[in-house]
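Chemist: Here's a sequence, model it:
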Amino acid sequence: MTHPPDMSPRRTPRQERSRRTVERILAAATRVLSERGYDGASTNRIAEAAGISNGSLYQYFPNKDAIVVAVLDRFADRLADRLGAQIESTMAEPWQVAGRALLDAQIRLLEEDADLLRIIVEQIPRLGPFDKLAALQRRLTDLVRVYLLLNRDAFREDLDVDATLWILTETVGQLSIKYVLDRPPIPRERMVDELAALVVRYIRA
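Modeler: Model (predicted):
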């Protein structure tokens, strides 16, 4: 991700000690952001949680937003890796089974980091473009495209793959995010079942 200068790390840690310090800062920032939200996470609190001085923190990050962006970058990378692994592990399953497993995995993973997800939804418009999230969307879209092409005979004849991909990824993605953040009185299993039924009815012949 290419960040504006004031949202980029001051320097890339090369020595093991520096890398450990950055890891401590990001781990502490993740905890503080999860506990206090964006507005309650100050550089002072992050430095204290990391067990370092403010001066040491500023050697690596110029401000709070640079730390937040680094934390969210890692969140998106982790989400992309785990969802990608889920898709690849179920590629040989019937498409209905694989699709439901992916929906379930997506919601579970978003729930694990719901506090960071809320920060992405609320703060990214102010912080600027979040390239890692766009890259995650492209990766998932490419993998779902493979599902659609491999199982083309099972879907309705007039299915437009590109249009279907966009509609599915946007609809399922937004509904999953809203479910995790708004916490409606719907059990997760029921939510996954309803999403799966929506997708099946939309694309099945």
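Chemist: ok, which stretches of the protein are helices?
Modeler: Using DSSP state H, the helices of the chain run over residues 16-40, 43-50, 54-60, 64-89, 95-112, 114-127, 131-150, 161-182, 188-203.
Chemist: can you list these in JSON lines and add mean neighbour count and mean pLDDT?
Modeler: Using the backbone N, CA and C atoms, a C-beta is placed for each residue, glycine as well. Putting these into JSON lines (neighbours: other CB atoms under 10 Å; pLDDT from 0 to 100) gives the following:
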{"stretch": "helix 16-40", "mean neighbour count": "16", "mean pLDDT": "91"}
{"stretch": "helix 43-50", "mean neighbour count": "19", "mean pLDDT": "96"}
{"stretch": "helix 54-60", "mean neighbour count": "16", "mean pLDDT": "91"}
{"stretch": "helix 64-89", "mean neighbour count": "18", "mean pLDDT": "86"}
{"stretch": "helix 95-112", "mean neighbour count": "18", "mean pLDDT": "91"}
{"stretch": "helix 114-127", "mean neighbour count": "16", "mean pLDDT": "81"}
{"stretch": "helix 131-150", "mean neighbour count": "15", "mean pLDDT": "79"}
{"stretch": "helix 161-182", "mean neighbour count": "15", "mean pLDDT": "92"}
{"stretch": "helix 188-203", "mean neighbour count": "15", "mean pLDDT": "94"}
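Chemist: who's in contact with the residue lying farthest from the centre of the chain?
Modeler: Distance from the centre of the chain peaks at Glu157, with 33.0 Å (CA atoms, centre = their mean). Residues counted as contacts of Glu157 (CB atoms under 8 Å, 6 or more residues apart in numbering) are Ala205.
Chemist: give me phi/psi at it?
Modeler: Here is the backbone geometry of Glu157 (degrees, to the nearest 10): phi -70, psi -30.
Chemist: ok, the spatially most central residue of the chain to Ala47 distance?
Modeler: When CA atoms, centre = their mean is applied to the chain, the residue found nearest the centroid is Ala76 (4.1 Å). Distance of Ala76 to Ala47, computed by CB to CB, to the nearest Å: 24 Å.
Chemist: hang on, the earlier thing: who's in contact with the residue nearest to the centre of the chain?
Modeler: Phe130, Lys132, Leu133, Ala135, Leu136.
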